[in-house]
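Chemist: Just a sequence and a predicted model for now, questions to come.
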Amino acid sequence: MTATPHDSADGLPAPPPGCPAHIPGPRSQEGPTRLYGPEVEHDAPALYEKLRAEHGGVAPVLVQGDVPAWLVLGYRENLDVSRNPTRFSRDSRLWREAREGRVAIDNPLLPITMWQPLCAFLDGEEAKRLRVAVTESLNRMDRRGIRRYVTRYADQLIDSFAARGHADLQADFAGVLPMLVMTKLLGMSDSYGPQLLDAARDMVQGTETAIASNAFIVTALRELVAAKKELPGDDFASWLIAHGSALGDEELVEHLRLVLIAAYTTTGNLIANTLHMVLTDQRFRGNLAGGHMTLPDALEQVLWDAPPFTAVYGRWATGDTELAGHRIKEGDMLVLGLAAGNADPAIRPDPSVPVHGNRSHLAFSGGPHECPGQDIGRAIADTGVDALLARLPDLRLTVDGGELRWRTSLLSRELVSLPVEFTPMDPAAVGQAHAAGHPDPASDDALLPVPVTQGAAPVQSGPVPWWQGLLRWIRGV
């Protein structure tokens, strides 16, 4: 029997008004589980399995601000939602809770759910027009050129700590490299690097200042659009502006923001999660070192076990419907549980069985809104990890793997730090082996976009490279 807002198949009280009705699995006496807070921070995978046992492939939850929503836990259910935009739309203007005033204006969900004129929040022909502009502009990037470019930045970052014999690979490498790459590929001035890195981290973590951080990013990108209209370069922003889809200024800004934040977040987490697996899983490292598994195959294993985005907010029901035996009401929000779907026992009954090389995971979602820049992210991640392992082959954790701390944000679960030690390199030799073959990327006009010349803060000058200043700024020294 299907439960309604006025009765309950198991005799328990019906959910309060505004809370999604559901058919219980069994059901928790405490009501919907919060998808944020200590329980998620402590062990999100365990929470997903608890919800799966109680509710099946879809579970009622509360998101930030105790707003009711549905968490999609099943692999097939995630594909069903992502592949059927006529039932589950990306248009957040359908969100009933927001339309009826039950989402506070300072809710940290708003920067990632508030409707904007971009392909990620549209369906149908208009979404296709915008997505074609993004994908065709991304496809103009030369993958081999990107790899050479990533190697150069990776080497410079490694040079900054190679002589010390220790480093925090989250703060010193994984959390920095993607932003260095993406700001350049977009065509931004180097001077934006530190502020954009800080703002991006703050926004995706859903802090109290997430809205202000989002505003800073938007302002910086508006300045970029204005500058590139005056002086186009060989970069993503210029290609997007010149595309035949004729995007308006706000459309340009929002798509640049989408690409920047998605690429930074997913690629940084992918690098960190891969390094974490290499350092904590001896079998994984042995297969990689022994040639039984290539680095691209290893990345796919990580994308199954520790996807960069654990969840995606969201989809909205276009009408009353049913999913995995649960009644979904028109305007309900659904959160795609990518990590939970990848661990679904229905498709992975034994999670210890390797799946490296298998790209059928949910890490980049699916359907018409599947991530269009996933191959660029893969190129940045595997090139960066390869450069690091090649130069520092004896990397080892300085703490027990169980002591590592994780931070759970709106979109992801990320390492707070990844402290390692290794044999220090001779300070006199650091950088010398790469100087001839890897000149400063800032001087390579064939690879790098033209820097912003208008609307941006002046590029810092002096004998210290800007990326070293960025690292010092991150570390607070």
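Modeler: Nice, I can see it.

Chemist: Identify, by residue count, the longest helix of this structure.
Modeler: Taking DSSP state H as the criterion, the chain has its longest helix at helix 249-280.

Chemist: So what angle separates the directions of whatever helix or strand comes next after that helix and helix 249-280?
Modeler: Using DSSP states H and E, the helix or strand that follows helix 249-280 towards the C-terminus is helix 282-289. Between helix 282-289 and helix 249-280, the angle comes out at 110 degrees (axes from the mean of the first three to the mean of the last three Cα atoms, to 10 degrees).

Chemist: quick one: buried residues of stretch 90-110?
Modeler: 90-92, 94-98, 103, 107-110 (16 or more other Cβ atoms under 10 Å). Using the backbone N, CA and C atoms, a C-beta is placed for each residue, glycine as well.

Chemist: With secondary structure, pLDDT and distance to Ile261 added, can I get these in TSV?
Modeler: TSV is the format used below for these (DSSP: H, G, I helix; E, B strand; the rest coil; pLDDT from 0 to 100; distance: Cβ to Cβ, whole Å):
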residue	secondary structure	pLDDT	distance to Ile261
Arg90	coil	95	16
Asp91	coil	95	20
Ser92	helix	95	16
Leu94	helix	97	23
Trp95	coil	97	20
Arg96	helix	97	26
Glu97	helix	96	24
Ala98	helix	94	21
Val103	coil	94	21
Asn107	coil	90	18
Pro108	coil	85	14
Leu109	coil	89	15
Leu110	helix	87	14
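
Chemist: Out of these, which comes closest to Leu138?
Modeler: Arg90 (19.0 Å; Cβ to Cβ).

Chemist: Am I right that Ala69 sits in a strand?
Modeler: Yes. Looking at Ala69 with DSSP: H, G, I helix; E, B strand; the rest coil, it is inside a strand.

Chemist: So for it, what pLDDT did the model give?
Modeler: With respect to pLDDT, Ala69 scores 97.

Chemist: need the contact list for it.
Modeler: Ala69 is in contact with 20, 35, 60-63, 314, 332-335, counting by Cβ atoms under 8 Å, 6 or more residues apart in numbering.

Chemist: now, which of those lie within strands?
Modeler: In strands, defined here by DSSP state E, the members of the contacts of Ala69 are 60-63, 314, 333-335.

Chemist: related to what we said a few turns ago, buried ones in the longest helix of the chain?
Modeler: So helix 249-280, judged by 16+ other Cβ under 10 Å, has buried residues 251-279.

Chemist: Just checking, which of the ones in strands among the contacts of Ala69 comes out lowest on pLDDT?
Modeler: Lowest confidence among the ones in strands among the contacts of Ala69: Gly314, with 89.

Chemist: What sits closest to that residue if chain neighbours are left out?
Modeler: The shortest distance from Gly314 to any non-neighbouring residue, by Cβ to Cβ, 6 or more residues apart in numbering, is to Met333 (4.6 Å).

Chemist: OK, contacts around the one you found?
Modeler: Counted by Cβ under 8 Å, 6+ apart, Met333 has contacts 63, 67-70, 95, 97, 113, 313-316.

Chemist: who wins for neighbours among those residues?
Modeler: Neighbour tally across these (other Cβ atoms under 10 Å): the maximum, 29 neighbours, falls on Trp70.

Chemist: Now for the closest residue in space to that residue that isn't next to it in sequence, how many residues are close by?
Modeler: Nearest residue to Trp70 in three dimensions, chain neighbours excluded: Leu334, at 4.7 Å (Cβ to Cβ, 6+ apart). As a burial measure, Leu334 scores 24 neighbours (other Cβ under 10 Å).
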